[in-house]
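Visitor: 3D model of this:
(2 chains)
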2 protein chains.
Amino acid sequence: MNRRHFLQHSAAFAALPMMTRRPPLRAPLHVNGERLNGWLTAFDGIGRTAGGINRVAYSEADLAGRAFTLDLFRQSGLTPRLDAAGNIYARVPGSVATLPPILIGSHVDSVTDGGNFDGPVGSFAAIEVGRTLLETRTRLRHPVDVVVWQNEEGGTIGSKIAIGALTDADLDKVARSGKTVREGIALTGGNVAQLASAAKKQGDIACYIELHIEQGGLLEKAGLQIGVVEGIVGLRWIEVTITGMSNHAGATPMDQRHDAMLAAAKFSVAINDAIRAEPGRQVATVGRIVASPNTTNVIAGQVVMTVDLRDLDVAKLTRFKATFERLGREIGTATDTTFQFRTLVDSEPAIADPRVVSWIESSAAALGLTRQRMPSGAGHDAQEIARIAPMGMIFVPSIGGISHSPKEFSKADDITRGADVLLNAVIAADRG
Amino acid sequence: MNRRHFLQHSAAFAALPMMTRRPPLRAPLHVNGERLNGWLTAFDGIGRTAGGINRVAYSEADLAGRAFTLDLFRQSGLTPRLDAAGNIYARVPGSVATLPPILIGSHVDSVTDGGNFDGPVGSFAAIEVGRTLLETRTRLRHPVDVVVWQNEEGGTIGSKIAIGALTDADLDKVARSGKTVREGIALTGGNVAQLASAAKKQGDIACYIELHIEQGGLLEKAGLQIGVVEGIVGLRWIEVTITGMSNHAGATPMDQRHDAMLAAAKFSVAINDAIRAEPGRQVATVGRIVASPNTTNVIAGQVVMTVDLRDLDVAKLTRFKATFERLGREIGTATDTTFQFRTLVDSEPAIADPRVVSWIESSAAALGLTRQRMPSGAGHDAQEIARIAPMGMIFVPSIGGISHSPKEFSKADDITRGADVLLNAVIAADRG
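Guide: You can find the predicted model right below:
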């Protein structure tokens, strides 16, 4: 922390009676950025492999990362508790007992072969904000709850439970670690039998603010320091199963094939052409493919692949999904294969609350930071909490626009700036 | 066997002094087709899984298949011996001590999720031919060696060793079972230190005749019983590594991607278009693809895929390989990815010996079977042996043209006819 700021702030706070609705502007507070970035550096040693950071949910590395995080809470004077989902919470008390908490946080699990910034930046910044509030004795009216959600990358599982939206079927989904969500909840110290106790409802949370790396290249390209998120795009995950017939790669003439791999290739090209043919920010990705028998000299009899489709506009998502299914049927006919489509995830767009957006924006302004409003192309726990509470997000630049990759990187100064915005947005939210 | 034929044959043989160059035509011999097909039915129980036959080289199922095969040799009065490569040989003695053996056989290992006919048909038919020669006391001038080659599907390993063509680097190649060739040789009872002792040279083998299922649909479509193979196509196996950059599937705009999966799809479509644009029997297949990190919400940073390219004409193979590399470079430029090409296997076309072709053809004619000359689109151990000895192959129909698949099937009567042709081709070869 910065002692000068502490004194200024304490003086300002002391001078303001509680009933004052609009206190005069005061100098913004700052977090201890060196400490925050030190935590991130130390965290980089957990789950790092030759391929990148591998703290996939419920893996040993994820559990080690959670243990590290619990220790950060304790070091910071914050007493962590686990809810029945295995989410980690800790509270900075507020002065008005009847007010619901301002909730801040993120996650610490990673994708396969990911980076050290997607999740930990927002989680550790939230802990640092809590610690700064305690160290500066900044007594807010609302309690401030710091949260670290479990299994964000596997489908925002922890935050889904926190809004009572996880289904029984979801519990049996297998995470990238090979563990089911049900097993994962037990491993993270939760209790599947008590999941309902982890669910919040409208009014339980004053607002939710999440700091995160951008995961795209807009801020860096524009030379800006802060992204003020207007909403999180909706998402469709579609599993496509293409069935052809395995046959000998040498003895089967080209015109007698039922080649599932060729059909998959034609489909990938066709949906890419379709998504790019129309102006807008919609994206579609084939990131996963599993061919059978996946052997050099055998025509593939089956391919299972996924399509990840995203946009802020629900109508556009619906329309493109239908287009993709039509393209699949056409390519199936042309290649003597059959296409089957299965919905894996349907996640609707989540629009940020205008007041939370304004608090984030005014905090960035007070800190003298350059900024712009933008959508989030990535999904976040914030999209779940948006269903029961006003939500906002703060982005910091991702170098090269890279994330979900070992090359994922954000500069320490940018991370500190983001945490400063989070801290002051919390204070602004407390004033309302 | 058929006793009437045995008597006819013995009588004919007795009447002919050894020096007679052109003995008069006699009725063809027949194998015991019921016995042969019974062996194949029993063999179907070894290595069968839900996905098909899995006797991939050096797996437990492959070793069990070899034990079953060794037992068939012994039941048939043939004493099996292993060479240093782990190939199984057994000899039916000849009457002229100085003559090299007529070699017949095939393999019993399978691809992943394959069928029960590719390999075992020719191996068991060769054993049955040996047994029939012994049972009918058909004493030929040449010895007849029955061989079962190890690891055909992983690159004709056993037959490569038999012509001294396996390199040290090949020994360290990992087979689909996860075992190296070196480990596999030990597992099959061979001895890596003595491999040179397994190598034959020009003159060591009178000729090599292999019976095999067609693995294509030409015979069935034409309603013919026997394929007389004119040659085995040459083959190029190319490993293509496409390097892009992993990034977030939601946050990365379509025009800022380095998507290795999309590049792989465009490449697969492009080489398929190229191979089909030209008349001829050339084929190209992408049968294997491995994407990294292979996750729904991550743009693939790397794809490793294989191309299997085949034709009887070396010049055409060379030209298409160059075309594929050019297409890869162009697609790399267009998709902001890089393509690297690595040769996995270069196998040259092998042309059947005209005399062996004529013995097969005349035997089929004597048996009253319908037939046609044709190339083999699949690779076989015969292509290796062709480098040191006159080679020919006999095909029997594959129902639906399907092989390397659990749906692979050949009719018992067709298999019996193929074995009969093999038996009489051996007798014709002995006469020279």
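Visitor: what's around the nearest residue to residue A:369 once chain neighbours are set aside, how many residues?
Guide: Nearest residue to residue A:369 in three dimensions, chain neighbours excluded: residue A:225, at 4.5 Å (C-beta to C-beta, 6 or more residues apart in numbering or on different chains). C-beta here means a position set from N, CA and C on the backbone, and glycine is covered the same way. The number of residues packed near residue A:225 is 22, by other C-beta atoms under 10 Å in any protein chain shown.
Visitor: Residue A:225 and chain B: what is the separation?
Guide: Going from residue A:225 to chain B by C-beta to the nearest C-beta, to the nearest Å gives 18 Å.
Visitor: Near chain B, which residues of the stretch 101-250 of chain A are found?
Guide: A:111-114, A:153, A:176, A:214-217, A:233, A:235, A:237, A:245-250 (C-beta under 8 Å from any C-beta of the partner chain).
Visitor: repeat that for 7 Å
Guide: By the rule C-beta under 7 Å from any C-beta of the partner chain, the part of the stretch 101-250 of chain A lying against chain B is A:111-113, A:214-217, A:233, A:235, A:237, A:245-250.
Visitor: ok, back up a step: state whether the residue nearest to residue A:369 and residue A:414 are indeed in contact, as I suppose.
Guide: Yes: using C-beta atoms under 7 Å, residue A:225 is in contact with residue A:414, at 6.4 Å.
Visitor: show me where chain A has helices.
Guide: All helices of chain A, identified by DSSP state H, fall at A:3-15, A:33-43, A:60-75, A:120-135, A:157-162, A:168-171, A:181-187, A:218-222, A:260-276, A:314-335, A:354-366, A:381-385, A:412-431.
Visitor: CA-only coordinates of the fourth one, as PDB, when you get a sec.
Guide: Coordinates of the C-alpha atoms in helix A:120-135 are reproduced here as PDB (Å, rounded to 0.1, in the frame of the first residue of the first chain):
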ATOM      1  CA  PRO A 120      -5.500 -15.700 -11.300                       C
ATOM      2  CA  VAL A 121      -5.200 -12.000 -12.300                       C
ATOM      3  CA  GLY A 122      -8.700 -11.300 -11.200                       C
ATOM      4  CA  SER A 123      -8.700 -13.700  -8.200                       C
ATOM      5  CA  PHE A 124      -5.500 -12.300  -6.700                       C
ATOM      6  CA  ALA A 125      -6.400  -8.700  -7.500                       C
ATOM      7  CA  ALA A 126      -9.700  -9.300  -5.600                       C
ATOM      8  CA  ILE A 127      -7.700 -10.700  -2.600                       C
ATOM      9  CA  GLU A 128      -5.300  -7.700  -2.900                       C
ATOM     10  CA  VAL A 129      -8.300  -5.300  -2.900                       C
ATOM     11  CA  GLY A 130      -9.600  -6.900   0.200                       C
ATOM     12  CA  ARG A 131      -6.200  -6.700   1.800                       C
ATOM     13  CA  THR A 132      -5.900  -3.000   0.800                       C
ATOM     14  CA  LEU A 133      -9.300  -2.200   2.300                       C
ATOM     15  CA  LEU A 134      -8.200  -3.900   5.600                       C
ATOM     16  CA  GLU A 135      -4.700  -2.300   5.600                       C
END
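Visitor: and for it, what are the contacting residues?
Guide: Helix A:120-135 is contacted from outside by A:1, A:29, A:31-32, A:35-36, A:39-40, A:43, A:69, A:72-73, A:76-78, A:90, A:92, A:104-108, A:140, A:144, A:146, A:148, A:210-213, A:396, A:410, A:415, A:418-419, A:422-423, A:426, using C-beta atoms under 7 Å, 6 or more residues apart in numbering or on different chains.
Visitor: tell me the mean pLDDT over it?
Guide: Taken as a whole, helix A:120-135 has a mean pLDDT of 98.
Visitor: relative orientation of that helix and helix A:33-43 in degrees?
Guide: Per axes from the mean of the first three to the mean of the last three C-alpha atoms, to 10 degrees, the angle that helix A:120-135 makes with helix A:33-43 is 140 degrees.
Visitor: Helix A:120-135: how far from the chain's middle?
Guide: Between the centre of helix A:120-135 and the centre of its chain there are 17 Å (C-alpha atoms, centre = their mean, to the nearest Å).
Visitor: same question, the third one
Guide: Distance, stretch centre to chain centre, for helix A:60-75: 19 Å (C-alpha atoms, centre = their mean).
Visitor: quick one: residue A:228 and residue A:361 touch, right?
Guide: Yes: using C-beta under 7 Å, residue A:228 is in contact with residue A:361, at 5.1 Å.
Visitor: Might you report the residue contacts of the residue nearest to residue A:369?
Guide: Contact analysis of residue A:225 by C-beta under 7 Å, 6+ apart lists A:369-371, A:414, A:417.
Visitor: Could you list the low-confidence segments of the stretch 51-200 of chain A?
Guide: Judged against pLDDT under 70, the stretch 51-200 of chain A has no low-scoring part.
Visitor: Can you name the residues of the stretch 251-400 of chain A sitting close to chain B?
Guide: Contact residues, the stretch 251-400 of chain A versus chain B (C-beta under 7 Å from any C-beta): A:251-254, A:256, A:261-262, A:265-266, A:268-269, A:272, A:275-276, A:281, A:283, A:285-289, A:291-301, A:306, A:308, A:310, A:377-379.
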